[in-house]
Each structure stands twice: as structure tokens, then as C-alpha cells.
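Peer 1: Fold the following, please.
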Amino acid sequence: MTGRLGSSQWTVAEARGVIAQLRHVATEGPEYDGVELFLALCEYLDQLYGGHGFDSLQPDPALAQAVREQRRRRAGAGERLEQPVNSAVTLEEGRALAVALVSAEDWQHELGLALQGLYTYLDQLYGAPGAFTELLSSDERLRVASR
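Peer 2: Purely as a prediction, here's the structure:
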């Protein structure tokens with residue numbers, strides 16, 4: 001992977017900065033949901049990274065292995081977290097939202113591309129395209145972060 005978020009013109013750091021500022025511009029509708037989802041997914045990745053901060057899409061085999069191990073341990077038991085706490089949309093709805101935003105113009109287009117880039121990265125951590133369908137629990141995140 002590269003420093004860019006998928007097809008977006010933004011790097012992870014640029015996207016995080018711009019989208020945090022867009023929080024003041026996008027106050028309703030799909031743009032608002034996209035901003036909140038993007039920021040929530042970045043916060044989730046921050047937790048997986050152990051508080052060091054998620055700032056690039058560099059392959060991290062140890063992180064991916066730790067995420068997959070936690071998912072294997074769960075194997076149908078335990079809670080399924082399908083929606084980030086700070087988001088009005090589920091992870092599945094977020095994929096569709098990203099597609100819709102990509103078809104828009106201006107910053108909404110870039111937001112959609114950035115979201116798609118995050119989903120692609122999370123799918124890779126989870127092991128396959130479309131595999132990112134649930135969040136790890138807070139205990140599982142701690143175990144991944146302590147790898």
C-alpha cells in the first residue's frame with residue numbers, strides 16, 4: 001500500500017486533518033455521516049495501533065496477525081460490534097455511503113475515496129476483501145495493541 005488512502009489524493013495524515021475540519025462544515029446528511037464514520041474508524045485504528053496513532057497505510061503483518069487471531073478466538077461467541085460508537089451508520093452502511101460520496105463532487109468525493117481507502121486497509125488487516133464487517137471489542141483491541 002502507499003501513503004495515500006486508496007484512490008484519494010489525501011494521505012492518512014492529510015485526510016485526518018481535513019476531515020476533522022470538515023466536521024464544522026458538514027452538519028447533516030450523508031456528508032456528516034461520512035465525516036463521523038471516517039473519524040470513528042481512525043479512532044478504532046488508533047486503538048489497534050496501541051495509542052501510537054494511525055498515520056499510514058503501511059503493511060503491518062504483526063498487526064494483521066493479531067487482529068485475525070482475536071477474530072479466530074471469538075469464532076461466533078461474544079458481542080458483534082457492527083457500528084462504531086461515534087457513527088450513525090453501521091459498517092455495512094458505511095461501505096454504501098462511501099460509494100455514494102465518491103459519485104459526488106468536491107470534498108465529498110475525496111471523503112468517499114478516503115473512506116474506501118480505510119475499508120480496503122481494514123479488509124486487509126481482517127484477512128480478505130469485505131472481511132471488515134465487525135469491530136473488535138475493547139478487550140480484543142487492547143490485546144491487539146499489546147502485541
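Peer 1: who's in contact with Ala40?
Peer 2: Applying C-beta atoms under 8 Å, 6 or more residues apart in numbering to Ala40 gives the contacts Pro84, Val85, Asn86, Ser87. To be clear about C-beta, it is placed using only N, CA and C from the backbone, and glycine gets the same treatment.
Peer 1: so what's the third one closest to, chain neighbours aside?
Peer 2: Excluding the flanking residues, the one nearest Asn86 by C-beta to C-beta, 6 or more residues apart in numbering is Ala40, at 4.3 Å.
Peer 1: And the pLDDT at that neighbour?
Peer 2: Per-residue pLDDT puts Ala40 at 93.
Peer 1: Would you verify that it is located in a helix?
Peer 2: Yes. Secondary structure of Ala40 (DSSP: H, G, I helix; E, B strand; the rest coil): part of a helix.
Peer 1: Adding neighbour count and secondary structure, write the contacts of Ala40 out as TSV.
Peer 2: What follows is these, written out as TSV (neighbours: other C-beta atoms under 10 Å; DSSP: H, G, I helix; E, B strand; the rest coil):
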residue	neighbour count	secondary structure
Pro84	20	coil
Val85	9	coil
Asn86	12	coil
Ser87	22	coil
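Peer 1: Which two of those residues have the greatest separation?
Peer 2: Val85 and Ser87 (7.3 Å; C-beta to C-beta).
Peer 1: Now do the helices in the protein.
Peer 2: Ranges of helices within the chain are 12-22, 29-48, 61-74, 91-102, 106-126, 138-145, based on DSSP state H.
Peer 1: Which of those helices sits closest to Asp55?
Peer 2: helix 12-22 (5.3 Å).
Peer 1: The closest one - contacts with which helices or strands?
Peer 2: Applying 3 or more C-beta pairs under 8 Å, 6 or more residues apart in numbering; DSSP states H and E, we find helix 12-22 packed against helix 29-48, helix 106-126.
Peer 1: In TSV, list those helices along with distance to Ala20.
Peer 2: Formatted as TSV, the helices and strands packed on helix 12-22 follow (distance: least, C-beta to C-beta, whole Å):
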stretch	distance to Ala20
helix 29-48	7
helix 106-126	12
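Peer 1: Where does pLDDT dip in this structure?
Peer 2: 1-2, 52, 75-80 (pLDDT under 70).
Peer 1: in it, which residue is closest to the centre?
Peer 2: Nearest residue to the geometric centre of the chain (C-alpha atoms, centre = their mean): Leu41, 3.4 Å.
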